[in-house]
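Engineer: A structural model of the following input is requested.
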Amino acid sequence: RWIKFEENVEDGGERWSAPHVPALPLHSLFQLRTCLQKGTVLLDLNAASFKEIIDKALSGQPREAELQPALRERLTALLLLQPQHQSTKSLLQLLTELGLSPCRGRRHGCPTRHPSTASSPRLAQPQHPEYPAATSLSFQLRNPFKKKVPPGTEAAHVAVGEVEFLEKPFTAFIRLRHGVSLGSLAEVALPSRFLFILLGPPKVKAYHEVGRAMATLLTDELFQRVARQAEHREDLIAGIEAFLDELIVLPPGKWDPSARIPPPSCLPSPRRRTAVDLPDQQPHGNGDKAAGGDRASPGNLCSGEELERTGRLFGGLLRDIRRKAPWYGSDFSDALHPQCLSAVLYIYLVTVTNAITFGGMLGDATTNMQGVLESFLGTAFAGFIFCLFSGQPLTILSSTGPVLVFERLLFSFSQDHSLDYLEFRLWIGLWVAFFGMVLVATEASHLVRYFTRFTEEGFCALISLIFIYDSLKKMLSLAEAFPINWQYRLDNVTSYSCTCNLRRLFNPNLTCLTTPHLPPLPSMQSTPTTQVRLSRTQCLDRGGHLLGTSCQYVPDVTLISFLLFGGTFLSCIALKRFRSSRYFPAGVRKLVSDFAVILAILTSCTVDAVLGLETPKLLVPSELKPTNPSRGWIVYPFGANPWWVCLVSAVPAVLVTILIFMDQQITAVILNRREYKLQKGAGFHLDLLCVSLLMVITSVTGLPWYVSATVISLAHVESLRKESATSAPGEHPEFLGIREQRLTGLAIFILMGASVFMAPVLKHIPMPVLYGVFLHMGVAALNSIQLMDRVRLLLMPAKHQPDLVYLRHVPLRRVHLFTVIQLLCLALLWVLKSTMAAIIFPVMV
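Structural biologist: Numbers count the residues shown, from 1 in each chain. Below is the predicted model of the structure:
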């Protein structure tokens, strides 16, 4: 049988072989061409049953090849025999048959079964000439193979074989005017459109190979077009000639003809095959076009009319609104899929971790003028509003590293010059919103069309490296909070002790032994004074201090934290790749892959709970009040600073505007790549408007500023990938695009707002597990850009380099030069980000 690739019944007759690319003898194609030239060809035949088709095929023979009536009757009876199909059985069915089959142990006792579409079919008991057997139809309905067949498929039947009573071959190629159900002739219930019959006297393997050649031709998309549109025999011959023109011949001494060629990961499209120039013959021009076969260029933006200037104030914004408005209803209905639940849980946990991380760093930088609670509320509010009204709701808003650097510098400047930080920040935010509105009105987003692969990859790589660096830095800091006792020696265990010294404050005889997680040692139990056992916390609360060699000993926490961190990261990768595994049915693999990150988090949390060690946990604020008691929820524009501050604020606001514009639009460009096959269009002007208006609200309420988070948004998009539900055996599922909708983003930020009330549940999630998810996101985003492929090329000898399309068209030294310059610019950006010069970071981008 063939759908896209050939499958054969194995010699044992109990299972189908692995799908493989059909390897045809060249001579079989020549013989097939001869059969079509000399045999019966019936195009657009009107027939309602298989018997009617056979009768018309036998009566439509040329006069010189007409069969005798007796031979016609025998041939009709032969062709109308009911075929028996090779069923695809589950493991449970095979085990059941092994225990119950009466044919067990007898090689020839059970009938041999072959498919009706395979060459040399075995025919069994007679069937009614007009109506198929009821058992066959029930078999067709029960056959799980139906799931592999795409909707709208029609069947073609190839029947070839040797018969003793024929002296010369009988050949017929039949195309029905309309698809007709031919009962049990097909393995599954499908309408049939084509039939090819070749019967003749015994001849070694010739008919079998001709039948394989015809079946292979009928699975070729270009020949299918010819066969459907052919009006004469000559059109079919021309289709075979076109097929022969594309044929690639393998020399017989250089490969094993019995070897099965596995299906490739991707196939050339028919449009590419019909192009005038073959891929290898294209002029050595722009490498971006050539690279499309490997990994779509980030520069290949869906930039139709979305980024063209209208020449009118707010013209681009109005066009964005008109483009997105018809899709607004489907933005909610398209989210009704289990995959969206997985995306919500995954991105929610990532966003919570990000809000806590940046909220903590903001609190340290601004003496808690903005802390974890402000970060939570701001993320929930800004993200919800953006997902509700933006042009690209797949974008996730978050605090970013460059914004954090600016906040730190702004707070230091305010302290040095005795200015009120929140009021100064309010005026900067208002100016940024004004400048943003000007950019929207003047359609400045059209400049996005000039962002190249160079810029996008550099920016995406930088943000990805920040995620990787921060996750590793947070883990290494655990070794300081929970130090490893490097001086511990098992032989000296009797000398380790820790006492609570309260003598200066209370009774000089009051001491306490605290040896966490270790039993009291005999040498420590006999003291001349009365001892009261206090815990470490009780001792410190009473003003005491700890003395002894084991006071800083925290057993196993750092080690298990690193194990949870690495285990979560590796589990995410392994479960994501499970979709392409060989184990379990496709539905199970897809479900596991969709919920990969959630399963990894649940597994790691279970391990942590079973071990019961005091690993650092996710701590969420449980009260709705400002982190710093000295501030309120509304920032007033006048009163604390001189009047001229509102004018001077325009200067730093220009830098923030550049930062917001670049960060927002580069992320939008990356999310709207052609490779994601987005159908609902982008909204660059509308997105920038939403971010600008949110700047006003977050500045007035003293909440952090928000902009598109590149890595989290990429993770959100990747978690919503759609693939074809049906794929032929051997064919990889086809990527259909992204599940574009607003509901996942809205649900994520609603959960963010509700996190304050979910603190008792969230406190059981270890932070190392979430840092492992951060590392996975950074690595996944880094691997999604072509830069990493080219970095690997720097380390590979030429003979081991993969066959990338751009290497066929661009000299290798040119590729290396491009990569080195990109890496140098990336290093410069990293150095800038890490110094006080980070204020000019957006200008350098």
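
Engineer: Shouldn't Phe165 be within a strand?
Structural biologist: No: under DSSP: H, G, I helix; E, B strand; the rest coil, Phe165 sits outside any strand and is assigned coil.

Engineer: And Tyr706, how close does it get to Val635?
Structural biologist: Using C-beta to C-beta, to the nearest Å, we find Tyr706 at a distance of 17 Å from Val635. (Each C-beta comes from the backbone N, C-alpha and C, glycine too.)

Engineer: okay, those two: which has more neighbours?
Structural biologist: For Tyr706 against Val635, the residue with the higher neighbour count under other C-beta atoms under 10 Å is Tyr706, and the figures read 26 against 22.

Engineer: isn't the more buried one right next to Ser692, touching?
Structural biologist: No: contact criterion C-beta atoms under 8 Å: Tyr706 and Ser692 do not qualify, at 11.5 Å.

Engineer: Now do Lys677 against His716, distance only.
Structural biologist: Between Lys677 and His716 the computed distance is 16 Å (C-beta to C-beta).

Engineer: the more surrounded of these two?
Structural biologist: Neighbours around Lys677 and His716, counted as other C-beta under 10 Å, are more numerous at His716. The numbers are 25 against 15.

Engineer: the domain parsing of this protein - what is it?
Structural biologist: According to the TED database, the chain comprises the domains 1-79+148-252, 337-482+627-755, 785-844.

Engineer: Now render those as TSV, adding mean pLDDT and distance to Pro262.
Structural biologist: Written out in TSV, the entries for those read as follows (pLDDT from 0 to 100; distance: least, C-beta to C-beta, whole Å):
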stretch	mean pLDDT	distance to Pro262
domain 1-79+148-252	86	6
domain 337-482+627-755	83	8
domain 785-844	83	16
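
Engineer: Most tightly packed of the ones you listed?
Structural biologist: Most buried of these by mean neighbour count (mean count of other C-beta atoms under 10 Å) is domain 337-482+627-755; its value is a mean of 20.

Engineer: quick one: that one to chain centroid distance?
Structural biologist: Distance of domain 337-482+627-755 from the chain centroid (C-alpha atoms, centre = their mean, to the nearest Å) equals 22 Å.

Engineer: How about stretch 44-62?
Structural biologist: Between the mean C-alpha point of stretch 44-62 and the mean C-alpha point of its chain there is a distance of 50 Å (C-alpha atoms, centre = their mean).

Engineer: Strands of the stretch 251-400 of the chain, residue ranges please.
Structural biologist: Ranges of strands in the stretch 251-400 of the chain, per DSSP state E, counting those that start in this stretch, are 397-398.

Engineer: ok now do Phe454, which residues does it touch?
Structural biologist: Listed by C-beta atoms under 8 Å, 6 or more residues apart in numbering, the contact partners of Phe454 are Phe818, Gln822.

Engineer: How much space separates it from Glu480?
Structural biologist: Between Phe454 and Glu480 the distance, using C-beta to C-beta, works out to 39 Å.

Engineer: same deal with Thr216?
Structural biologist: Here the criterion is C-beta to C-beta. By it, Thr216 lies 66 Å from Glu480.

Engineer: Same question for Pro637.
Structural biologist: As judged by C-beta to C-beta, Pro637 and Glu480 stand 42 Å apart.

Engineer: pull the longest strand from this protein.
Structural biologist: Here the longest strand in the chain is taken by residue count, with DSSP state E as the criterion, and it is strand 170-181.

Engineer: How far off centre is it?
Structural biologist: 42 Å.

Engineer: do the same with stretch 794-811
Structural biologist: Average the C-alpha atoms of stretch 794-811, do the same for its chain, and the two points are 26 Å apart (C-alpha atoms, centre = their mean).

Engineer: Restrict it to CA atoms and write it as PDB.
Structural biologist: Extracted as PDB, the C-alpha positions of stretch 794-811 are listed here (Å, rounded to 0.1, in the frame of the first residue of the first chain):
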ATOM      1  CA  LEU A 794      33.100  27.400  13.400                       C
ATOM      2  CA  LEU A 795      34.000  24.200  15.300                       C
ATOM      3  CA  MET A 796      33.400  21.700  12.600                       C
ATOM      4  CA  PRO A 797      35.800  20.400   9.900                       C
ATOM      5  CA  ALA A 798      34.400  21.000   6.500                       C
ATOM      6  CA  LYS A 799      33.700  17.300   5.800                       C
ATOM      7  CA  HIS A 800      31.500  17.000   8.900                       C
ATOM      8  CA  GLN A 801      29.400  20.100   8.300                       C
ATOM      9  CA  PRO A 802      25.700  19.500   7.600                       C
ATOM     10  CA  ASP A 803      24.400  20.100   4.100                       C
ATOM     11  CA  LEU A 804      22.900  23.600   4.800                       C
ATOM     12  CA  VAL A 805      21.500  25.400   1.800                       C
ATOM     13  CA  TYR A 806      23.300  28.600   2.400                       C
ATOM     14  CA  LEU A 807      26.600  26.800   2.400                       C
ATOM     15  CA  ARG A 808      25.900  25.900  -1.200                       C
ATOM     16  CA  HIS A 809      25.600  29.600  -2.200                       C
ATOM     17  CA  VAL A 810      27.800  31.500   0.200                       C
ATOM     18  CA  PRO A 811      31.600  30.900   0.600                       C
END
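
Engineer: Dihedrals phi and psi, the nearest residue to Pro201 once chain neighbours are set aside?
Structural biologist: Across the structure, with C-beta to C-beta, 6 or more residues apart in numbering as the measure, the residue nearest Pro201 apart from its sequence neighbours is Leu166 (5.5 Å). Recorded main-chain torsions at Leu166 are phi -90, psi 140, according to degrees, to the nearest 10.

Engineer: One more: the one 3 residues further on?
Structural biologist: The main-chain torsion angles of Pro169 are listed as degrees, to the nearest 10 and equal phi -60, psi 150.

Engineer: cool, and Met758?
Structural biologist: phi -110, psi 20.

Engineer: separation between it and Leu349?
Structural biologist: 12 Å.

Engineer: Can you pull the phi/psi pair for Gly566?
Structural biologist: Dihedral angles phi and psi of Gly566 (degrees, to the nearest 10) take the values phi -70, psi -40.

Engineer: Find the nearest non-adjacent residue to it, please.
Structural biologist: In space, Gly566 is closest to Gly772, 6.9 Å off (C-beta to C-beta, 6+ apart).

Engineer: quick one: that neighbour from Phe565, how far?
Structural biologist: From Gly772 across to Phe565, the span is 5 Å (C-beta to C-beta).

Engineer: ditto for Thr351
Structural biologist: 19 Å.

Engineer: go on, Met796?
Structural biologist: Taking C-beta to C-beta, one finds Met796 at 30 Å from Phe565.

Engineer: ok, and the closest non-adjacent residue to Leu787?
Structural biologist: Using C-beta to C-beta, 6+ apart, the nearest residue to Leu787 is Glu457, at 4.5 Å.

Engineer: meant to ask about Ile240
Structural biologist: Counting by C-beta to C-beta, 6+ apart, Ile240 lies nearest to Arg33, which is 5.1 Å off, once chain neighbours are set aside.

Engineer: Tell me who's in contact with that neighbour.
Structural biologist: Contacts for Arg33 were tallied using C-beta under 8 Å, 6+ apart; they are Ile237, Ile240, Glu241.

Engineer: got the contact list for Leu318?
Structural biologist: Residues touching Leu318, when contacts are defined by C-beta under 8 Å, 6+ apart, are absent altogether.

Engineer: distance of the residue nearest to the spatial centre of the chain from His776?
Structural biologist: With distances taken as C-alpha atoms, centre = their mean, Glu718 lies nearest the centre of the chain, 4.1 Å away. Distance of Glu718 to His776, computed by C-beta to C-beta: 11 Å.

Engineer: With Thr603 instead?
Structural biologist: Taken as C-beta to C-beta, the spacing of Thr603 relative to His776 amounts to 14 Å.
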